[in-house]
Structures are given as C-alpha cells and as structure tokens.
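[1] Take a look and give me a structure for this.
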Amino acid sequence: MQDKSWKIRDITIPNQVVIAPMAGISNPAFRVICKQFGAGLIYTEMVSDKALYYENEKTLHMTAVEKEEHPLTMQIFGHDIETMVYAAKLLDEKSDCDIIDINMGCPVNKIIKSNAGSALMKDIDHAVTMTKAVVDSVKKPVTVKMRIGWDMDSINCVELAKGLASVGVSALAVHGRTRKQMYEGKADWQYIKAVKQAVSIPVMGNGDIRSSEDAKRMLDTTGCDAIMVGRGVLGDPWLIKEIATYLATGEKLPPASVNEKYTMARLHAKRLCDLKGEHVGMREMRGHAAWYVKGLPKSHQLKDSLTKMDTYAQMEEILCAYEKVYQEYIDSYVPSQR
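    Next comes the predicted model:
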C-alpha cells in the first residue's frame, strides 16, 4: 500500500480524499460518517463572518468540532476585512478546527449579493488584501476554496492563486467551473492543472468526481495533491473508502449492498436527531434518505415517501415496507429450483 499522506503546512492529511463544504449538509452528523469511511480531510459547511462577529448563538454552535473529526477545516465567508479578521481570530482562538478556509467559490445569489463567495473573484486586489489580513491575524493555516473565474470571459484563477500564495495561504481548492456555470455543465480540469503549475502550495482538485477512476484521472490530469469530492458522496459515503483504497492499492471495492445502505441511513438519521432533535433532524434527513436509496429498483415511490416523513418511526416503517418489495423483486429474478 502506497503512502498517500500530504501536508497543509504542519497539518498531516492521511490520504488524498477531501470532503467539500456543503451548505446545509456538512454538519457533525455527516462529517463523522465521512471520517468513519476514511476521509483524509473534511470541511464544515460555510459560516458567516457577520454571524460570528455578532455572536449569533446558532452560528457559534456550528463551530463545535467532535474529537473524531480531525483533521478538519472550518470555512468562513464574507467580504469586509474587519469582520473576516474577527471571525478568523475567533476560530483560531476558540474553535478546535485545524485549518481556516475562506470561501471564494460559492455561486448562490444570497452569498453573491453580499459580495462574498465567488463574487470575490471579480476583485482580485480586494480578495488578496482581505486574505492577507486574515493570514496575518491567526496562527492556524489559512486556505482558500475558489472557482476558475466568474464566467468564461473572465477566467482568472491562476492570477488569483498566485496572489493568494504570495500572502501566505497554505493551500488552495479549485472547483473547475465558473460562477456562471453554477453546478451545470462539465468541470474543466485543465484550469486546475494551470493553478497547480503556477503555485508551490498544495492544490485540491474539485468537480465531477463520482468514482475512484475519476479521482485517479483528476490526479493524473492535473498533478494536484488531493481530490475534493462533494455531491458524489451524498448517499454514498462508501465512495470515500473506494477512492482511498483505489489510490493506495489499485484495488476496486464492491459497491455497497442494500442492507448496508439501510443501516447507514438509519445511523445517519439517529445522529441528526441527536444533533438537532427529531423535528428538525428528520426533515433534514428527507434529502439524505432519498440519496441513500437512489438507484435501487422500484425506488420511485420509496423516495417520494421518504421526502415526506416527519419522524424516525415513519422512516423505519417506510424502509421496512420497501424491504419486502425489494425482496420480491430479487426473488423474481432468481430461477426456480426444479
């Protein structure tokens, strides 16, 4: 087995599989599952600098880190230097995170309207100045997650990457799409390669990784230090172990069984209920449950039922009912013994 560990400054990352920050998803319940499946590094969902500045109780609660989550990167978003520095210093001094990340990649309108996320790529001078202020104010490593540009007419990821590296950023994550693309179209990995060739700090490649072969191709194509996967692991945390194993040994692991998916969905639901209470936790679980059963035979009605459930008992009832449907489906394909 090959050693695939690497470093972000003095933080050792045990393998090349990094889990992207996903708003509304990357909470401790999800993150711990990712670590249990072998993720080398996990990100939190993005946290508002303003919310930390004004000590919003809900947001402060989001900065909690479980002991089994390390190494962990906590991501903040914002535009104003004063509040970004305040938020970073708070995480540096009061959070148990290992790394602080600045979001320059989020494409959603709510974030763009506050001149944060990928809007920062429209003003490289300000983005670099703000980042320098953050780097200079904290002891923990600072990284940046970015896109390749605002649109195809303004691809500036290499210019931004060089500027960020020059002010002490310890690593970069590059999503191979523009802000205008959102999550549509195809990620262009050649721009990730260009960033990697332009800087000496570690680069994580992000975009369109849905299999172990995709991960290997990303590393080979771009020369990046690690791959970052997001939507590909929703309902499929087994992908994390599949990629890590394939990169280290070349071995291809079998896909998860139906029973394994049921077990993980139940565990995920229980952790969300413990974290947020059943009322909120099971509503958040609706989407996760639908992802866990995606691709199963005759699952259309199952997914429809799961997206309407309100309690853990309802989920259990829905899954048990489907187990009978699934077994009948399997039995119908097994030749009778005569």
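
[2] which residues in the stretch 51-200 of the chain form strands?
    For the stretch 51-200 of the chain, applying DSSP state E, counting those that start in this stretch gives strands covering 72-77, 99-104, 142-149, 171-178.

[3] now what about the first one, what contacts it?
    With C-beta atoms under 8 Å, 6 or more residues apart in numbering as the contact definition, strand 72-77 has outside contacts at 21, 31, 41-49, 52, 63, 65, 84, 87-88, 91, 95, 97-103, 106, 111, 116-117, 143, 145. Glycine gets a C-beta too; all of them are placed from N, C-alpha and C.

[4] that older thread, want to throw the strands of the stretch 51-200 of the chain into TSV with distance to Ala313?
    Below are the strands of the stretch 51-200 of the chain laid out as TSV (distance: least, C-beta to C-beta, whole Å):
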stretch	distance to Ala313
strand 72-77	33
strand 99-104	38
strand 142-149	39
strand 171-178	39
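
[5] any chance of those in TSV, plus mean pLDDT?
    Shown next, in TSV, are the strands of the stretch 51-200 of the chain (pLDDT from 0 to 100):
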stretch	mean pLDDT
strand 72-77	98
strand 99-104	98
strand 142-149	98
strand 171-178	98
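
[6] closest to Gln190 out of those?
    Closest to Gln190 of the strands of the stretch 51-200 of the chain is strand 171-178 (C-beta to C-beta; 8.1 Å).

[7] Would you give the sheet partners of that closest one, along with the direction of each?
    strand 142-149 (parallel), strand 203-206 (parallel) (DSSP bridges).

[8] want to throw these into a markdown table with distance to Leu164?
    Shown next, in a markdown table, are the strands paired with strand 171-178 (distance: least, C-beta to C-beta, whole Å):
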| stretch | distance to Leu164 |
| --- | --- |
| strand 142-149 | 5 |
| strand 203-206 | 11 |
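
[9] Of all the ones you listed, which one comes closest to His279?
    That would be strand 142-149 among the strands paired with strand 171-178, by C-beta to C-beta, at 32.1 Å.

[10] Between strand 99-104 and that closest one, find me the angle.
    Relative orientation of strand 142-149 versus strand 99-104 (axes from the mean of the first three to the mean of the last three C-alpha atoms, to 10 degrees): 20 degrees.

[11] quick one: low-confidence ranges for this protein?
    Scanning the chain with the threshold set as pLDDT under 70 gives 333-338.

[12] circling back to that earlier point, mind listing which of the contacts of strand 72-77 are in helices?
    Arg31, Asp49, Leu52, Met84, Ala87, Ala88, Leu91, Ile111 (DSSP state H).

[13] nearest to Gly223, of the residues you listed?
    Using C-beta to C-beta, these come closest to Gly223 at Arg31, 28.0 Å.

[14] Tell me how many other residues crowd that closest one.
    The number of residues packed around Arg31, counting by other C-beta atoms under 10 Å, is 22.

[15] How much space separates the closest residue to it other than its chain neighbours from His70?
    Nearest residue to Arg31, sequence neighbours excluded (C-beta to C-beta, 6 or more residues apart in numbering): Ile42, at 4.9 Å. Ile42 sits at a distance of 9 Å from His70 (criterion: C-beta to C-beta, to the nearest Å).

[16] And these two? Which one has more around it.
    Remark: of Ile42 and His70, Ile42 carries more neighbours, 24 against 14, as counted by other C-beta under 10 Å.

[17] Report whether the expected contact of the more buried one with Met22 is present.
    No - using C-beta atoms under 8 Å, Ile42 is not in contact with Met22, being 10.6 Å away.

[18] So which residues of the stretch 201-338 of the chain form strands?
    203-206, 226-229.

[19] Tell me which of those strands lies nearest to Ser26.
    Using C-beta to C-beta, the strands of the stretch 201-338 of the chain put strand 226-229 closest to Ser26, at 12.2 Å.

[20] Contacts for stretch 8-19, please.
    Residues contacting stretch 8-19 (C-beta under 8 Å, 6+ apart): 4-7, 26, 31, 34, 38-43, 71, 98-99, 141, 143, 170-171, 173, 202, 204, 215, 219, 225-230, 233, 240, 243-244, 247-248.

[21] What's the end-to-end length of that stretch?
    15 Å (C-alpha to C-alpha, to the nearest Å).

[22] buried ones in the longest helix along the chain?
    The longest helix of the chain (DSSP H) is helix 258-292. Neighbour counts over helix 258-292 (16 or more other C-beta atoms under 10 Å) mark 261-262, 264-266, 268-269, 271-273, 275-276, 278, 281-282, 284-286, 288-292 as buried.

[23] Ok, stretch 83-103 next?
    For stretch 83-103, by 16+ other C-beta under 10 Å, it's 83-92, 95, 97-103.

[24] Contacts only, for Val325.
    So Val325 contacts Lys298, Leu302 (C-beta under 8 Å, 6+ apart).

[25] And stretch 96-114, end to end?
    For stretch 96-114, the end-to-end distance is 28 Å (C-alpha to C-alpha).

[26] Now find how far off-centre that stretch is within its chain.
    12 Å (C-alpha atoms, centre = their mean, to the nearest Å).
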